[in-house]
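> got a sequence here, can you model it:
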Amino acid sequence: MHKHVIVLTDIIQQIRDGLIEEGSTKFGKIIANTCQTTPDPSQLGPPVSALSEVFVDAVSTPAPSSSTKSFANAVLSSMTTSAERTSAPVGPSEIAKQAYQLLEKSTRAVIERAPDDKSPNEDQKDSEFIAAIANKHSLPIPSQVYRHVCSSRFRPLKLQFSSKSERDTFLKGFNKIKNDEPLLNTIEPKLRARRDLTRSELETLCASRKFVYDENLKAKTTKYIMQDIH
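So this is what the prediction gives:
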C-alpha cells in the first residue's frame with residue numbers, strides 16, 4: 001500500500017507540473033497557486049501484528065460509489081485507454097494533455113443533430129442562434145461555439161462555458177424548453193443536448209443507443225426507451 005501511495009503521489013505531481021507547463025499562462029498560475037507540491041509520504045514504521053478478534057465487531061467501510069468518477073479516475077481511465085491503443089509508455093506531457101482535455105470537457109456542452117449547412121460562416125450563425133435562445137430564456141451564453149470536425153451529416157455542435165456550473169445550468173434549461181420553444185421544436189430530427197463525453201463514455205452511449213434501436217426494431221414496438229446523458 002505504501003508503495004502505491006508513493007507512485008500515486010508521483011503521478012499527481014507529474015500532472016501538476018505538466019499542467020503548469022502545457023497550459024496557458026493564466027491556467028498555469030491557477031494550478032500553481034491552488035495545487036501545492038505534494039511531499040513524499042513518510043516511511044512506515046515496523047509492522048504491527050494484530051489479532052483477528054480485534055476486527056470482529058469492526059464496521060466495514062462502504063465501498064466508494066461507482067455512480068460518480070473522480071477527476072483522477074477519469075484521467076487514469078483516459079491514460080489507460082490511450083496507452084492500450086498505442087502500446088507506448090505514458091509520459092508527463094501525455095498525462096498533462098489528457099488532464100487538460102478533461103478539464104475542458106468538464107465545462108463543455110454538446111448539441112447533437114443541429115442543422116448543419118457546412119458554410120464558411122457556420123460558426124457565426126450557430127453562435128448567434130445559441131445566444132438568441134440563451135437570452136430569451138435567461139440561460140448562460142457560451143464563450144465559444146463551434147462544430148466538431150468530422151464527416152457526419154450533422155456535425156456535433158460544441159458549446160464552451162467558463163465553468164461547469166454554467167454548463168450544467170444551460171443544459172438543464174435547454175432540455176427543459178426544447179420541446180416548447182418554437183425555434184427548437186420545429187427542427188427535425190429532434191435536438192439532443194448533453195455534456196461532452198470522454199471516449200469511453202461516448203462508446204458506451206453509442207452502444208446503448210444501438211441496442212435500444214435494434215431491440216425496438218425486432219419487437220416492432222417501443223420496447224425500450226433510451227434516457228440520454230445530460
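> rest of the way, CA atoms for contacts and neighbours
Noted.
> show the pLDDT at the nearest residue to Lys178 once chain neighbours are set aside.
Closest residue to Lys178 apart from its sequence neighbours, by C-alpha to C-alpha, 6 or more residues apart in numbering: Leu184 at 5.6 Å. With respect to pLDDT, Leu184 scores 96.
> can I get the host helix or strand of Glu104 in CSV, CA atoms only?
Per DSSP states H and E: Glu104 is located in helix 92-105. Presented in CSV, the C-alpha positions along helix 92-105 are these (Å, rounded to 0.1, in the frame of the first residue of the first chain):
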residue,chain,number,x,y,z
PRO,A,92,4.2,13.5,-18.1
SER,A,93,3.3,15.5,-21.2
GLU,A,94,0.6,13.0,-22.2
ILE,A,95,-0.7,13.0,-18.6
ALA,A,96,-0.9,16.8,-18.7
LYS,A,97,-2.6,16.7,-22.1
GLN,A,98,-5.3,14.2,-21.0
ALA,A,99,-5.9,16.1,-17.8
TYR,A,100,-6.2,19.4,-19.7
GLN,A,101,-8.7,17.9,-22.2
LEU,A,102,-10.8,16.5,-19.3
LEU,A,103,-10.8,20.0,-17.7
GLU,A,104,-12.0,21.5,-20.9
LYS,A,105,-14.7,18.8,-21.3
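> what residues sit buried inside it?
For helix 92-105, the neighbour count (16 or more other C-alpha atoms under 10 Å) marks 92-100, 102, 104-105 as buried.
> adding distance to Asp123 and pLDDT, write those out as CSV.
Converted to CSV, those look like this (distance: C-alpha to C-alpha, whole Å; pLDDT from 0 to 100):
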residue, distance to Asp123, pLDDT
Pro92, 34, 72
Ser93, 31, 75
Glu94, 30, 74
Ile95, 31, 75
Ala96, 29, 76
Lys97, 26, 76
Gln98, 26, 76
Ala99, 27, 78
Tyr100, 24, 78
Leu102, 23, 82
Glu104, 19, 86
Lys105, 19, 89
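> same list (these) but as TSV, adding distance to Lys178.
Below are these laid out as TSV (distance: C-alpha to C-alpha, whole Å):
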residue	distance to Lys178
Pro92	42
Ser93	41
Glu94	39
Ile95	38
Ala96	37
Lys97	35
Gln98	33
Ala99	32
Tyr100	31
Leu102	27
Glu104	25
Lys105	23
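> domain assignment for this structure?
Using automatic domain parsing, the domain parsing of the chain gives 1-41+73-105, 114-196.
> least reliable of these going by mean pLDDT?
Ranked by mean pLDDT, those bottom out at domain 1-41+73-105, with a mean of 64.
> name the element the residue nearest to Lys178 belongs to?
helix 182-185.
> tell me the SS of Val110?
What DSSP: H, G, I helix; E, B strand; the rest coil gives for Val110 is strand.
> show the pLDDT at it.
Taking Val110 on its own, its pLDDT is 96.
> ok, it touching Arg194?
Yes: with contact defined as C-alpha atoms under 8 Å, Val110 counts as touching Arg194 (5.4 Å).
> these two: who's more crowded?
Using other C-alpha atoms under 10 Å as the criterion, Val110 and Arg194 rank with Val110 on top: 25 against 20.
> now the more buried one: closest residue in space, sequence neighbours ignored.
Per C-alpha to C-alpha, 6+ apart, closest to Val110 is Lys158, 4.6 Å.
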